Structure formats: C-alpha cells, structure tokens
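**Q** Predicted model and sequence below, questions to follow.
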Amino acid sequence: MLKKILGLLLSAAALCACATTPVQGDSAEAAAERLRVVMIDPDKARLEALVADEIVYGHSSGRVDTKASFIADLLNGNSDFVTLDITDQTVKVMQDVTVIHHTLTAKTNDRGVAGNVKLLVLQVWQRREGTWVLVARQAVRFPA
C-alpha cells in the first residue's frame, strides 16, 4: 500500500511538471525547514500553521496520521526527534504546489526509547493565500 501511495504522489507531481513557475517571496522549501526545526522542538501553534487540516501524513510503518494525531504525538513525546537532518533534497515548484523529496536521518527518543531512523521522504506543499502548508507526506525506509 505504501508503494501505491508513493507512486500516486509521484505520478501527480509528474503530471504537474509542465506548470513549473518560480515562487516569489516565501517558499515551500523555507516552510519545510521551519517544519524540520519545530519537529525537534515542538510548538503547537507553529505546527498548526505549517500543516493543512486535511493532511495525509504517512509513516514508513504504514500508519497514517491526521493533523491532530501528528501534532499530538510530537507534543506528548510519542514521536520525539533529538536530531533531524535532511540531505539529498530535491524541490519541484509547480505554481502553487511544491514537491520536496529528501533523505531524513534522525536520532529519536520515541516514548523514552532511543533510536535512529533513515528514511526517504516525499512532501507535498500547497501555497494558500501566500502561505505554504504541508498537505501530504509519505516516508519509506531507506533501501539497504
């Protein structure tokens, strides 16, 4: 199912590629960086401003979060990022939609249990009234 979701998101991005335009002012890439930072040091108001109400937030485990459950897990420590590094990032801007793909490497302390993760992540951002919000996110485990 994860492959299907990822495939659909990538297909949607490819279909929109013909409508690429430069972005003025703030960018989805800047919003994605703000999200990275606030995931390490969670703040409810900042998270709510960055995440669309109707987000589909897919984890590499197959679990899918809503906006409320994603934010709650960060705030209550169920999902606790000690470090969160982004590498190999690509950004495709298509008018008011931006697709960001990157490698996420993190040290975690989920529910008090230390861990390490390395994921491939696809994010879809949409500009709404001049503000970028995350509308979809899907992660898959980094290939061995």
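**A** Received, thanks.

**Q** which residues touch residue 74?
**A** By C-beta atoms under 8 Å, 6 or more residues apart in numbering, residue 74 lies in contact with 39, 42, 47, 80. Where C-beta positions appear, they are placed from N, C-alpha and C, glycine not excepted.

**Q** Tell me where the model's unsure across the chain.
**A** Where the chain drops to pLDDT under 70, the residues are 1-25.

**Q** Could you rerun that using 50?
**A** Along the chain, the model assigns pLDDT under 50 to residues 1-2, 4-6, 8-24.

**Q** quick one: the strands in it?
**A** Ranges of strands within the chain are 51-58, 64-65, 81-94, 97-110, 113-128, 131-141, based on DSSP state E.

**Q** Tell me which residues of the fifth one come out buried.
**A** In other words, strand 113-128. Of the residues in strand 113-128, 117, 119-127 count as buried by neighbour count, 16 or more other C-beta atoms under 10 Å.

**Q** With distance to residue 26 as extra columns, can I get the strands of the chain in CSV?
**A** Listed next are these as CSV, based on distance: least, C-beta to C-beta, whole Å:
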stretch, distance to residue 26
strand 51-58, 16
strand 64-65, 25
strand 81-94, 12
strand 97-110, 11
strand 113-128, 9
strand 131-141, 6
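
**Q** Nearest approach to residue 29 belongs to which of these?
**A** Across the strands of the chain, residue 29 has its closest neighbour in strand 81-94 (5.2 Å, C-beta to C-beta).

**Q** May I have the closest one exported as CSV, CA atoms only?
**A** In CSV, the C-alpha atoms belonging to strand 81-94 read as follows (Å, rounded to 0.1, in the frame of the first residue of the first chain):
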residue,chain,number,x,y,z
PHE,A,81,13.2,13.9,17.5
VAL,A,82,16.5,14.6,19.2
THR,A,83,18.2,15.4,15.9
LEU,A,84,16.7,15.6,12.4
ASP,A,85,18.9,16.1,9.4
ILE,A,86,17.9,16.5,5.8
THR,A,87,20.1,15.6,2.8
ASP,A,88,19.8,14.9,-0.9
GLN,A,89,16.8,17.3,-1.2
THR,A,90,15.1,18.0,-4.5
VAL,A,91,12.5,20.7,-4.9
LYS,A,92,10.0,20.9,-7.7
VAL,A,93,7.8,24.0,-7.8
MET,A,94,4.6,23.8,-9.9
